[in-house]
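Colleague: Here's a sequence, model it:
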Amino acid sequence: MRKISIGIFLLLSINSIAQNNFQSPLPTRQQLAWHEKEYYLFMHFGPNTFTSKEWGEGNESPELFNPSEMDTRQWCRIAKKAGAKGIIITAKHHDGFCLWPSKYSEHTVKESKWKKGDGDVLKELSKSCREFGLKFGVYISPWDRNHPDYGTEKYNDVFVGMLKELLKNYGPIWELWWDGANGEGPNGKKQVYDWQRYEKTVRDISPSTLIFSDIGPDIRWVGNEKGIAGESNWNFLDTAGFKRGLGAPPTDTLNHGNYYGKQWIPAECDVSIRPGWFWHEKENDKVKTGEQLFDLYLKSVGRGANLLLNVPPDSRGLIHEKDSASLITFKELRENSFKENILKGADTYYQFSQKDFRNKPLLLRGFDTTSAYYGINLQNFIVDFKKPVTINCIALKEAIHLGQTVRKFSIVLYNGDKPVGEVQGTSVGRKRILTFPTTTVTSVRVYLEDAQGNDNIRGIAAYLIDEKLIEK
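Modeller: Residues are numbered from 1 along each chain as shown. Presented below is the predicted three-dimensional model:
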């Protein structure tokens, strides 16, 4: 019996015992780094901020855009203080207004009153992100309700030109955000998007940039705008036969991924801190609380996805005080909840076969002819506490650089020799946070069922968090 101590996270590595035909896709180096960012901010900003619209019509005067106190350093200072790892800005929304002085449009900041037409939001924000050590990303809508060439082949040249401006003038761009919106332009026509050309442009100029869309290729939409990933959340997706927008996979598929998907395309959960995506004065008293954001964290990051939280600047060009206060409360709740890993200093045993498991009978789930028939291997380990402890949260981490192989797990809580609770799940991924009624335990037994016979759990932690933050 091998005994090791656990620090913040227990590191485990067990050799492969069985293999079946499924081989887990693997993430790229850029995707692995993306997984570790966990949570960052979205910022919807533009003419809609001043018209109180969600979708501008494209005929708004560019002179409307005139933030009186815009300060991208304030955005980044608050983002950093709130624990966010980056900012993605709506460089161009559906109304076609560009937050940079693009030479491919006459509907940009250079036509606005802001800074007498000499302003550049992207230049200021990219500089501030570098100053505060934050990742910088851009959202650019292919739909353009203002551009006269929209709906013609010439517009594909326009959009490619805009992409080149972004990538060459404001890089490095960490994440490029595309949605599949495709409505009518000012001429009443819809555009046939040349997605293959767009993607090649990005890859040629900035191969490290991660591309988000319904079908990736690097990050997928989670299928809703509530910020919630599926309880089963596979980092795999099959994209053959699908396209962005109306031709995307069903939202349920996007929410859960494909169990046996052929590509590593993890989920990103986008949600706004307010009812709308752009700032509206009437919503200042409807900002999500820190407790609500914590719940979304459990249902996004806690299910192996990343959280993209929209915090729209107001008409001053500042993050509103109500939003800032909620973000800081959210940060404090995360810090207080996860600052003390109760497993620290515990004794751990792990085993390769049932008979060696501390010479005690096991309540193993799934040791039946069906599992054996499919060649699924169960890897199990136990964590013993030196004295009884009280917990209501356990976090698992999977070594996703080796793939996502855990397909089913159960965690049985023991007080002495008596089981006093059990938590079951399917996917783990980069991080899985599980909450349950507050329980006093002397040991925790983890039973893993995976598709390849590999035990890829690399970390486990236990916490006692405020019961008011846990769903009963």
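Colleague: now the helices: where do they sit in this protein?
Modeller: For the chain, the helices defined by DSSP state H occupy 29-35, 48-51, 72-81, 121-132, 153-169, 195-205, 251-256, 290-300, 321-338, 369-373.
Colleague: By mean pLDDT, show me the worst of these.
Modeller: Sorting those by mean pLDDT places helix 369-373 lowest, at a mean of 31.
Colleague: Surely residue 440 touches residue 389?
Modeller: Yes. A contact is recorded between residue 440 and residue 389 when judged using Cβ atoms under 8 Å, the distance being 7.1 Å. (C-beta placed from N, C-alpha, C; glycine too.)
Colleague: Those two: which has the busier surroundings?
Modeller: Neighbour count, other Cβ atoms under 10 Å: between residue 440 and residue 389, residue 389 has more, with 17 against 13.
Colleague: what's the more buried one in contact with, if anything?
Modeller: By Cβ atoms under 8 Å, 6 or more residues apart in numbering, the residues touching residue 389 are 342, 440-442, 462.
Colleague: mind listing which of the residues you listed are in strands?
Modeller: Mapping the contacts of residue 389 onto strands (DSSP state E) picks out 440-442, 462.
Colleague: Which PyMOL command selects the buried ones in those residues?
Modeller: A single PyMOL command selects the buried members of these (16 or more other Cβ atoms under 10 Å):
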select buried, resi 441+442+462
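Colleague: need the ones in strands among the contacts of residue 389 in a markdown table with pLDDT and distance to residue 50, can you?
Modeller: Converted to a markdown table, the ones in strands among the contacts of residue 389 look like this (pLDDT from 0 to 100; distance: Cβ to Cβ, whole Å):
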| residue | pLDDT | distance to residue 50 |
| --- | --- | --- |
| 440 | 98 | 56 |
| 441 | 97 | 55 |
| 442 | 95 | 61 |
| 462 | 93 | 49 |
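Colleague: so which of the ones in strands among the contacts of residue 389 would you say is closest to residue 274?
Modeller: Relative to residue 274, the closest of those is residue 462; by Cβ to Cβ it sits at 34.4 Å.
Colleague: Test my guess that that closest one contacts residue 338.
Modeller: No. When contacts are counted by Cβ under 8 Å, residue 462 is not listed as touching residue 338 (10.5 Å).
Colleague: what is the orientation angle of the longest strand along the chain with helix 290-300?
Modeller: The longest strand of the chain (DSSP E) is strand 377-398. Calculated by axes from the mean of the first three to the mean of the last three Cα atoms, to 10 degrees, strand 377-398 forms an angle of 140 degrees with helix 290-300.
Colleague: Identify each buried residue in strand 377-398, please.
Modeller: Buried, per 16+ other Cβ under 10 Å, within strand 377-398: 377-383, 385, 389, 391-398.
Colleague: average pLDDT for that strand?
Modeller: If you average the pLDDT over strand 377-398, you get 85.
Colleague: between that strand and helix 321-338, how many degrees?
Modeller: Using the same axes, to 10 degrees, the inter-axis angle of strand 377-398 relative to helix 321-338 is 140 degrees.
Colleague: Pairing partners for strand 377-398, with directions?
Modeller: Here strand 377-398 is paired, per DSSP bridges, with strand 347-351 (antiparallel), strand 432-450 (antiparallel), strand 457-463 (antiparallel).
Colleague: and the end-to-end length of stretch 332-346?
Modeller: Its first and final residues considered, stretch 332-346 spans 27 Å by Cα to Cα, to the nearest Å.
Colleague: actually stretch 277-294, not the one I wrote
Modeller: In stretch 277-294, first residue to last residue: 19 Å (Cα to Cα).
Colleague: Likewise for stretch 26-45?
Modeller: Stretch 26-45 stretches 35 Å from its first residue to its last (Cα to Cα).
Colleague: buried set for it?
Modeller: Neighbour-count burial for stretch 26-45 [16+ other Cβ under 10 Å]: 27, 31, 34-35, 37-45.
Colleague: Just the closest of those to residue 293, please.
Modeller: The closest of the buried residues of stretch 26-45, once distances to residue 293 are taken by Cβ to Cβ, is residue 39, at 9.5 Å.
Colleague: export stretch 63-76 as CSV, just CAs?
Modeller: C-alpha atoms of stretch 63-76 as CSV (Å, rounded to 0.1, in the frame of the first residue of the first chain):
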residue,chain,number,x,y,z
GLU,A,63,-21.7,61.0,-33.4
LEU,A,64,-23.7,59.3,-30.7
PHE,A,65,-20.6,57.5,-29.6
ASN,A,66,-19.1,60.0,-27.2
PRO,A,67,-18.0,58.5,-23.8
SER,A,68,-17.2,61.4,-21.6
GLU,A,69,-14.8,59.7,-19.1
MET,A,70,-13.6,56.5,-20.9
ASP,A,71,-10.8,54.9,-19.0
THR,A,72,-9.6,51.5,-20.1
ARG,A,73,-7.2,51.4,-17.2
GLN,A,74,-10.2,51.5,-14.9
TRP,A,75,-11.7,48.5,-16.8
CYS,A,76,-8.5,46.6,-16.4
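Colleague: Please spell out which residues along that stretch are buried.
Modeller: Within stretch 63-76, the residues that count as buried by 16+ other Cβ under 10 Å are 64-65, 67, 70-72, 74-76.
Colleague: Packed most tightly, which of the strands paired with strand 377-398 would that be?
Modeller: Of all the strands paired with strand 377-398, strand 457-463 has the most neighbours on average by mean count of other Cβ atoms under 10 Å, namely a mean of 22.
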